[in-house]
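In: here are the coordinates; sequence isn't available:
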Ligand code: FAD
C-alpha cells in the first residue's frame, strides 16, 4: 500500500452496475440491495457506477433501486464491454474518489476486470463472496466465501488497504425493490479512457444460449457410457429442474456443447446434487465436481472409480436407471 493512504480518507459503498446492450445484469440489483444495508450500517452513501454508451436511463433505475448517487461514464468506448476501458475508468474513479467498499458481480465481466482495478489501487479484493456484512465497531467489510472445497466458510477482512473490494456470486441476495419516489443524484463523470485503452477490437460477438452450469443447483452429467444418446440425461435434468453437463469424452464426441463440460479443462460446479451417469470418474473429471454436496453415480461397472467419490452409487444400465428415476421424480412432483 502506498505510504500516503489513510483508510479514514475512504468513504461510500460503490456498486458496479453491469449492463450489456442496455440490459442490466440481475446481480447488480442484488448488490444494490446488499450495498444499501452496508452503507446504512456504516452511515455512508450508496454509490452506483454505470459505464455505457448512454447510461442515463440505467442511472435513473439505480436511484429507484436505492442508490444515493450514481456516477455515469457515457462513451461509445464502453460498448460492447471490454476489460481495458472498464478497468481503467473504474480505476481512475477509485483513485479520484476513494470509495471505502466496492462491490462487483462475480460474473464473467466482473471477474474479468476487477483485478484491473484492485492491483493498481492496492485494493483488498475478495473473490466469489456469498455473504457480506460490516463489523460493528470498525465498519470494516466482512466478506464471507466458501473455502476448503465448500466445507467451511472464511470471513475475510481487509484492515489496511482500500477500497475493500468484493466480487459477489450472483443469486445469493434478493434484488433491490423499486421505489419510484426515491431521490438520488446522477453525475455524468469525465471519461478518462479511449480506444487506446481497449487493446482489442470486437469483430463479432457470438452469444451462447447455453445456461451457465456453474450456477446450477442440480446437475445431471452424462459421459461416454451414454453412447451418444443424451435423452435420459436431459429428461432427468428436466424433471429435477437441473442442468445437463458432460464429461470431456462426451463433449469431444460432439454429444454435448463444450460449455457443459465439467472438469479440469471444463467448468467447476458446486451444485447441491450432481448425478454422474456413464462417467468413469477420471481424476480430471472429479476435479470439476468434487465440491458438489451430494454425488449420485450411475454406472454399469461396479469397479468404476466414480463410486469412490459418490455419496450414492447405483450399479446398473443408465438407460434403465435414469428413466426410472425420472418417472419417480415426476410422480413425486405430481
Ligand atoms: P469413460 O472413461 O470411457 O467412461 C465411460 C463409463 O461409462 C465407464 O465407466 C462405463 O462403465 C460406463 N458405462 C458404459 N455404458 C454404460 C451404461 N449403459 N450405463 C451406465 N454406465 C455405462 N475429462 C473430463 O470429463 N473433464 C475434463 O475437464 C477433462 N480434462 C482433461 C484434461 C487432461 C489434460 C486430460 C489428459 C484428460 C482430461 N479429461 C477430462 C479426460 C479424462 O481423463 C477421461 O478420459 C474422461 O473424463 C472420461 O470420460 P467418461 O467418463 O465419459 O468416459
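Out: That came in fine, so what should we check first? Everything numeric here is computed off the predicted structure, so don't read it as measured data.

In: And the strands in the stretch 101-250 of the chain, which stretches?
Out: If DSSP state E, counting those that start in this stretch is used as the criterion, the strands of the stretch 101-250 of the chain fall at 101-105, 124-129, 131-134, 141-147, 152-156, 164-168, 185-188, 218-222, 243-246.

In: can you put these in JSON lines and add mean neighbour count?
Out: Every residue, glycine included, has its C-beta placed from N, CA and C. Below are these laid out as JSON lines (neighbours: other CB atoms under 10 Å):
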{"stretch": "strand 101-105", "mean neighbour count": "28"}
{"stretch": "strand 124-129", "mean neighbour count": "20"}
{"stretch": "strand 131-134", "mean neighbour count": "19"}
{"stretch": "strand 141-147", "mean neighbour count": "20"}
{"stretch": "strand 152-156", "mean neighbour count": "13"}
{"stretch": "strand 164-168", "mean neighbour count": "27"}
{"stretch": "strand 185-188", "mean neighbour count": "14"}
{"stretch": "strand 218-222", "mean neighbour count": "28"}
{"stretch": "strand 243-246", "mean neighbour count": "27"}
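
In: For residue 280, which residues are in contact?
Out: Counting by CB atoms under 8 Å, 6 or more residues apart in numbering, residue 280 touches 223-225, 299, 301, 304-306.

In: on that earlier part again, reformat the strands of the stretch 101-250 of the chain as TSV; add mean pLDDT and distance to residue 11.
Out: Listed next are the strands of the stretch 101-250 of the chain as TSV, based on pLDDT from 0 to 100; distance: least, CB to CB, whole Å:
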stretch	mean pLDDT	distance to residue 11
strand 101-105	97	9
strand 124-129	92	16
strand 131-134	96	13
strand 141-147	90	13
strand 152-156	88	21
strand 164-168	96	12
strand 185-188	98	15
strand 218-222	97	42
strand 243-246	97	41
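
In: Residue 328 is nearest to which of these?
Out: Counting by CB to CB, residue 328 lies closest to strand 218-222 out of the strands of the stretch 101-250 of the chain; the figure is 14.1 Å.

In: Which elements pack onto that closest one?
Out: helix 231-240, strand 243-246, strand 273-277 (3 or more CB pairs under 8 Å, 6 or more residues apart in numbering; DSSP states H and E).

In: which strands and helices sit next to the second one?
Out: Other helices and strands packing on strand 243-246, by 3+ CB pairs under 8 Å, 6+ apart, are strand 218-222, helix 231-240.

In: Contact residues of the stretch 201-334 of the chain facing the ligand?
Out: 223-225, 247-250, 261-266, 278-280, 282, 284-285, 288, 298-301, 304, 317-319 (CB under 6 Å from any ligand atom).

In: Type out the PyMOL command that picks the buried ones from those.
Out: Filtering those down to the buried ones (16 or more other CB atoms under 10 Å) takes a single PyMOL command:
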select buried, resi 223+224+225+247+248+249+250+261+262+263+266+278+279+280+282+285+288+298+299+304+318+319
